[in-house]
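1. Requesting a structural model of the entry that follows:
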Amino acid sequence: MDIISVALKRYSTKAFDPAKKLTAEEAEKIKTLLQYSPSSTNSQPWHFIVASTEAGKARVAKSAAGTYAFNERKMLDASHVVVFCAKTAMDDAWLNRVVDQEEADGRFANAEAKAANHKGRTFFADMHRKELHDDDQWMAKQVYLNVGNFLLGVAALGLDAVPIEGFNAAALDAEFGLKEQGYTSLVVVPVGHHSAEDFNAALPKSRLPQATLLTEV
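-> Residues are numbered from 1 along each chain as shown. Sure, this is the predicted structure:
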């Protein structure tokens, strides 16, 4: 299946079949998708909670109580639930951790190349944290890049998913102690296989026409 076919086929799943689980191989592949998403300057300002047990999914689903109860079954019935979290502040320790990992992975020919790479990344980090004072928003944008990459990748694996912003982020952050770790939850994505009750599975996709969306020059 080519990537365009995947884009045309994927959709937001409204109901999951709780009896259909990801295989061990599929579970590993979705973690690889999370790990290898692009991000601005390869800053990777994120963390993920992957819930696959009933107890784990129930903890995530606490955030779908009350106002967001319509999303609870999606979190409980999916095979896996991924919580996408962003760093709340970009710090020097993280920048050093990223460049040291790049060095360990063999990306630099010498110390000068490493220093130049680190300087470039720090330039953009400083722009957002010291000049624009919007590093939290900058990092959130990187997480959303990951979400888009993940949704398309999951569909390419033949799996179903839905991105959810309708949840109590404060409750989810408290449940997993995210604030204390320097993170906050942004998006919850249940992954699995849709059920026969999923009305959205049979509906045609709808997008605005290219004439509205595109300007070619």
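
2. Leaving out chain neighbours, which residue sits closest to the most centrally placed residue in the chain?
-> The chain has residue 147 as the residue nearest its centroid, 3.6 Å off, counting by C-alpha atoms, centre = their mean. Closest residue in space to residue 147, ignoring its immediate chain neighbours: residue 187 at 5.3 Å, by C-beta to C-beta, 6 or more residues apart in numbering. Every C-beta, even on glycine, is put in place using the N, C-alpha and C of the backbone.

3. Residue 169 too?
-> In space, residue 169 is closest to residue 185, 5.0 Å off (C-beta to C-beta, 6+ apart).

4. tell me the mean pLDDT over the helix or strand containing residue 5?
-> According to DSSP states H and E, residue 5 maps onto helix 3-9. Mean pLDDT, helix 3-9: 96.

5. same deal with stretch 72-83?
-> Here stretch 72-83 scores 98 as its mean pLDDT.

6. who's in contact with residue 205?
-> Counting by C-beta atoms under 8 Å, 6 or more residues apart in numbering, residue 205 touches 8, 11.

7. Give me the phi and psi angles of it.
-> Main-chain torsions, residue 205, degrees, to the nearest 10: phi -70, psi 150.

8. same deal with residue 207?
-> For residue 207, the backbone dihedrals are phi -140, psi 150 (criterion: degrees, to the nearest 10).

9. re the thing from before, quick one: the residue nearest to the centre of the chain and residue 173, what's the gap?
-> Separation of residue 147 from residue 173 (C-beta to C-beta, to the nearest Å): 18 Å.

10. who's in contact with the residue nearest to residue 169?
-> Counted by C-beta under 8 Å, 6+ apart, residue 185 has contacts 49, 63, 83-85, 167, 169, 172-173, 176, 178.

11. same question, residue 178
-> Residue 178 is in contact with 47, 85, 172, 184-185, counting by C-beta under 8 Å, 6+ apart.

12. how about the helices of the chain, start to end?
-> 3-9, 24-35, 54-61, 72-77, 92-104, 111-126, 135-156, 169-176, 178-181, 210-213 (DSSP state H).

13. Relative to residue 195, which of those is closest?
-> helix 72-77 (7.4 Å; C-beta to C-beta).

14. which one's the longest strand in the protein?
-> As assigned by DSSP state E, the longest strand anywhere in the chain is strand 183-192.

15. From the chain's centre, how far out is it? Work that out for me.
-> 6 Å (C-alpha atoms, centre = their mean, to the nearest Å).

16. Residue 192 and residue 17 touch, don't they?
-> Yes - in this structure residue 192 lies within contact range of residue 17 using C-beta atoms under 8 Å: 6.9 Å.

17. more neighbours, those two?
-> residue 192 (25 against 18; other C-beta atoms under 10 Å).

18. how near is the more buried one to residue 12?
-> Residue 192 is 13 Å from residue 12, by C-beta to C-beta.

19. between the two, what contacts are shared?
-> Common neighbours of residue 192 and residue 12 (C-beta under 8 Å, 6+ apart) are residue 161.

20. Okay, residue 132 and residue 138: tell me how far apart.
-> Taken as C-beta to C-beta, the span from residue 132 to residue 138 is 8 Å.
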